[in-house]
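In: Next input, structure requested:
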Amino acid sequence: MNALKTLVLATVSFCSMSMSAQDLIARQAPADKKLKDVQLIQFNTFDTQQAELENPAANIYSNWTRTISNAQGIVPSNYHVDLRGFHMPTPSRQINSPYGRRWGRLHAGLDIKVYLGDTIRSAFDGKVRIVDYNARGYGYYVVIRHPNGLETLYGHLSRQLVKEDQVVRAGDVIGLGGNTGRSFGSHLHFETRLLGQPINPALMFDFQNQDVTGDYYVVRQSMQKGNTNVLANQNTLPRPENLVENASGTSDYSVFPSQPAPVEEKPAVKQEKKPKTYKVKRGDTIYAIAKRHGTTVEKIRRLNGLRRYSVLRIGQVLKCS
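Out: Residues are numbered from 1 along each chain as shown. Predicted coordinates for the structure are as follows:
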């Protein structure tokens, strides 16, 4: 009887071990293969993205220079600029000056109100093409080329925090807001360009709602004879009939050069008044200076990048408005 019982237990134990071993093999074999496939896909995706960032939009650009407008190449017909994966360059919603004619010439970007020292971020993944200074124009500025074909320009910075040929991601800090160059008050001059040609940023970026206008922005080539590689005129707003809905329900803009929208000539805008300044004297305090100029301590600190415990120096020039 005991021998029979021992034989039964041994048989059950052997069957259990066999089934457990088979289940283990069955679970491991497909899992290992699947894991390798997933890892392979991840590595391939990473390699592709890295290559795009090292040489962004190489399919349309044929050069890499340090000149803003000298971006050469050919744009395919009905080129779609992918606006997904964006990051607003600043949380500010206030536009001080729009894109268009100003003082008799084209103002090729948007002037967005920022304060001295405010954080400025890259709008998309990309590679820094230019980090430079222009005393009569942009002041300290940065130009970044993105895989979607756009180049974004950030002007009047107080400080540049990236270097040329540096790869950046959307949302990375690239500089600080300022008032350098030909500027009448601290702000960010923001441009969007394709092959050196400016495009109105408001057609793609909605600063009021801190969003983009759609998943894509469509650029059409000029269809004029002998001019097939020239971009459509981007200095005019698209007509209502050129606003189309894409599959995701968001709006894309197409500009048709054969029927450009008329540009309404606006009267010259008066230049902004220069900010009031005050030279610090012995015994002055921020509170006394603020009271004398009818402003607040917080505003003076913000205009001059002062911290709470900053010490005033005799002869220091402060902005008061």
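In: So what are the sheet partners of the host helix or strand of residue 318 and their directions?
Out: Using DSSP states H and E, residue 318 sits within strand 317-319. Paired with strand 317-319 in the same sheet, following DSSP bridges, are strand 277-279 (antiparallel).
In: Need the contact partners of the partner strand.
Out: The contact list for strand 277-279 (Cβ atoms under 8 Å, 6 or more residues apart in numbering) reads 289, 292, 293, 315, 316, 317, 318, 319, 320. Every residue, glycine included, has its C-beta placed from N, CA and C.
In: And for the second one, the neighbour number?
Out: This points to residue 292. 11 (other Cβ atoms under 10 Å).
In: Same check on residue 61?
Out: So residue 61, with other Cβ under 10 Å, has 21 neighbours.
In: And the closest residue in space to it that isn't next to it in sequence, how far from residue 315?
Out: Nearest residue to residue 61 in three dimensions, chain neighbours excluded: residue 73, at 4.3 Å (Cβ to Cβ, 6 or more residues apart in numbering). Going from residue 73 to residue 315 by Cβ to Cβ, to the nearest Å gives 52 Å.
In: of the two, who's got more company?
Out: residue 73 (16 against 9).
In: Enumerate every residue touching that one.
Out: Listed by Cβ under 8 Å, 6+ apart, the contact set of residue 73 reads 60, 61, 62, 63, 195.
In: Residue 127 too?
Out: 53, 54, 55, 56, 144, 145, 165, 166, 167, 168 are the contacts of residue 127 under Cβ under 8 Å, 6+ apart.
In: So it belongs to a strand, correct?
Out: Yes. Residue assignment for residue 127, taken from DSSP: H, G, I helix; E, B strand; the rest coil, places it within a strand.
In: Quick check: the gap between it and residue 99.
Out: Taken as Cβ to Cβ, the span from residue 127 to residue 99 is 25 Å.
In: roughly how far apart are the closest residue in space to residue 70 that isn't next to it in sequence and residue 73?
Out: In this structure, residue 70 finds its nearest non-sequential neighbour in residue 196, 6.4 Å apart by Cβ to Cβ, 6+ apart. From residue 196 across to residue 73, the span is 9 Å (Cβ to Cβ).
In: Now do the shared contacts for these two.
Out: Counting by Cβ under 8 Å, 6+ apart, nothing touches both residue 196 and residue 73.
In: Could you confirm residue 51 falls within a helix?
Out: Yes. Secondary structure of residue 51 (three-state DSSP): part of a helix.
In: can you pull the contacts of it?
Out: Contacts of residue 51 (Cβ under 8 Å, 6+ apart): none.
In: Apply 10 Å and report the result again.
Out: Going by Cβ atoms under 10 Å, 6 or more residues apart in numbering, residue 51 touches 58, 147.
In: And the one 10 residues further on, by the same measure?
Out: With contacts defined as Cβ under 10 Å, 6+ apart, residue 61 is in contact with 55, 71-75, 129, 145, 149, 151, 194-196.
In: which one among those residues gets closest to residue 210?
Out: Closest to residue 210 out of the contacts of residue 61 is residue 151 (21.7 Å), distances taken as Cβ to Cβ.
In: give me the beta-bridge partners of that closest one?
Out: residue 145, residue 193.
In: Test my guess that it contacts residue 129.
Out: Yes. Using Cβ atoms under 10 Å, residue 151 is in contact with residue 129, at 6.9 Å.
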